[in-house]
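K.L.:
After the sequence you'll find the predicted model.
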Amino acid sequence: MPVILAHLAAALLYSLLGWYLWRTKWQGPGARTAGSPIPYGLERFAILAPLMIHGYILYATIFVGPGLTLGVGQAVSAVVWITAAIYFAASFFYSLEGLQTLLSPIAAVAVLLPLLFPEAHPLANTEVPAFRVHLLIALLAYSLFTIAALHALLMDLVERRLHHAARPTVFANLPPLLTMETLLFRVLWTGFILLTLTLGTGIVFSEEVFGKALPFTHKTLFGFISWCIFAALLGGRLIYGWRGRVAVRMTLAGFIALLFAYVGSKFVLEVILRR
């Protein structure tokens, strides 16, 4: 399948899945009974088709030569793909249908980004093992924090609609808020550990290649700001029992700082400054 057709096919399938989930789960108490052509037990597998095509696209656009080609379009697309893959695996253990409804339209846009922001130059130093380890851990960390941000948004929606008589069916199928909150902090702890390793391996990679510690750049600054926000949130959870709106707002703040750290810096360098 030509890569450009694969982009369009994956975006269409993600969009159709998002539309289907919106119609059957988010349009009120009677949405599910109004007609669900896909059996309930098979709905979680519907994402596999666009997920596999998306994975093919990433392989075809990132591994195009001896090095790795990872521009801003490929980077965002890869993070969203890993996020969707983690969600699919987690769906066997947790009932979080709302996340797939939020994730599908995001994935539909993300899979098209390599077409909008193509990157023709491979990354430097991809042959260095420290860099490969750093890149893999960073992508996993960003993916987990993407899940945490979507989860926080879903929790905020549930809390705001808690006292409404007519709530979307998906809310009735979700676990209690306290259970969702517990799951959020599990994801945050795992993401925080990976973010810590990302910063640590970044220092090792910098010293191995350039002979000096991590340089002070916008990427470094926002990376450490994000780390401090998540450290404060997790510390506040342990010491003061922070939860609810505080947890949601700090999760989103940390995620936004993380976006500025990597995606924002790559967007400025590659798209605006053309470097």
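P.N.:
Nice, thanks for sending it over.
K.L.:
The helix or strand where residue 232 lies packs against which elements?
P.N.:
Using DSSP states H and E, residue 232 sits within helix 218-240. On a contact count with 3 or more CB pairs under 8 Å, 6 or more residues apart in numbering; DSSP states H and E, helix 218-240 meets helix 177-210, helix 244-259, helix 265-267. In short, each C-beta sits where N, CA and C put it, glycine included.
K.L.:
just so I know, which of the ones you listed lies nearest residue 79?
P.N.:
Proximity to residue 79 (CB to CB) singles out helix 244-259 among the helices and strands packed on helix 218-240, at 9.9 Å.
K.L.:
Which positions within the helix holding residue 232 qualify as buried?
P.N.:
By neighbour count on 16 or more other CB atoms under 10 Å, the buried set for helix 218-240 is 219-220, 222-227, 229-230, 233-234, 237.
K.L.:
Could you do stretch 175-194 as well?
P.N.:
Buried-residue list, stretch 175-194, by 16+ other CB under 10 Å: 180, 181, 183, 184, 185, 187, 188, 190, 191, 192, 194.
K.L.:
I'd like to check which residues are in contact with the residue lying closest to residue 18 once chain neighbours are set aside.
P.N.:
Sequence neighbours aside, residue 104 is the residue nearest to residue 18 in space, at 3.3 Å (criterion: CB to CB, 6 or more residues apart in numbering). Applying CB atoms under 8 Å, 6 or more residues apart in numbering, we find residue 104 in contact with 14, 15, 17, 18, 21, 47.
K.L.:
Also residue 76?
P.N.:
Residue 76 neighbours (CB under 8 Å, 6+ apart): 110, 113, 263.
K.L.:
And the helices in the stretch 1-150 of the chain, which stretches?
P.N.:
Under the criterion DSSP state H, counting those that start in this stretch, helices of the stretch 1-150 of the chain are mapped to 3-25, 48-62, 72-90, 97-110, 113-116, 129-160.
K.L.:
Now that residue 62 has come up, it's in contact with residue 74, right?
P.N.:
Yes: in terms of CB atoms under 8 Å, residue 62 counts as a neighbour of residue 74; the distance is 5.5 Å.
K.L.:
what's the neighbour count on residue 241?
P.N.:
8 (other CB atoms under 10 Å).
K.L.:
Could you verify my assumption that residue 144 touches residue 193?
P.N.:
No: Residue 144 lies out of contact with residue 193 (CB under 8 Å); the separation is 9.4 Å.
K.L.:
Any stretches of the stretch 1-150 of the chain with poor pLDDT?
P.N.:
1, 25-42, 65-67, 95-98, 119-121, 124-126 (pLDDT under 70).
K.L.:
what's near enough to touch residue 248?
P.N.:
Residue 248 neighbours (CB under 8 Å, 6+ apart): 152, 153, 155, 156.
K.L.:
Could you measure from the residue nearest in space to the middle of the chain over to residue 81?
P.N.:
Residue closest to the average C-alpha location in the chain (CA atoms, centre = their mean): residue 146, at 3.2 Å. According to CB to CB, to the nearest Å, residue 146 and residue 81 sit 11 Å apart.
K.L.:
what's the overlap in contacts for these two?
P.N.:
When contacts are counted by CB under 8 Å, 6+ apart, residue 146 and residue 81 have no shared neighbour.
K.L.:
Now do the closest residue to residue 77 other than its chain neighbours: how many residues are near it, please.
P.N.:
In this structure, residue 77 finds its nearest non-sequential neighbour in residue 110, 4.9 Å apart by CB to CB, 6+ apart. Neighbour count for residue 110, taken as other CB under 10 Å: 24.
K.L.:
Now residue 69: phi and psi?
P.N.:
phi -100, psi 110 (degrees, to the nearest 10).
K.L.:
And for residue 242?
P.N.:
According to degrees, to the nearest 10, residue 242 has phi -60, psi 140.
K.L.:
Just give me the neighbour total for residue 122.
P.N.:
16.
K.L.:
quick one, domains of the chain?
P.N.:
1-123, 127-275 (automatic domain parsing).
K.L.:
what separates the first one from the chain centre, distance-wise?
P.N.:
Spelled out, that is domain 1-123. Centroid displacement of domain 1-123 relative to its chain, using CA atoms, centre = their mean, to the nearest Å, is 11 Å.
K.L.:
shift numbering so it begins at 30
P.N.:
Fine by me, first position is 30 from now on; the one you just mentioned is domain 30-152.
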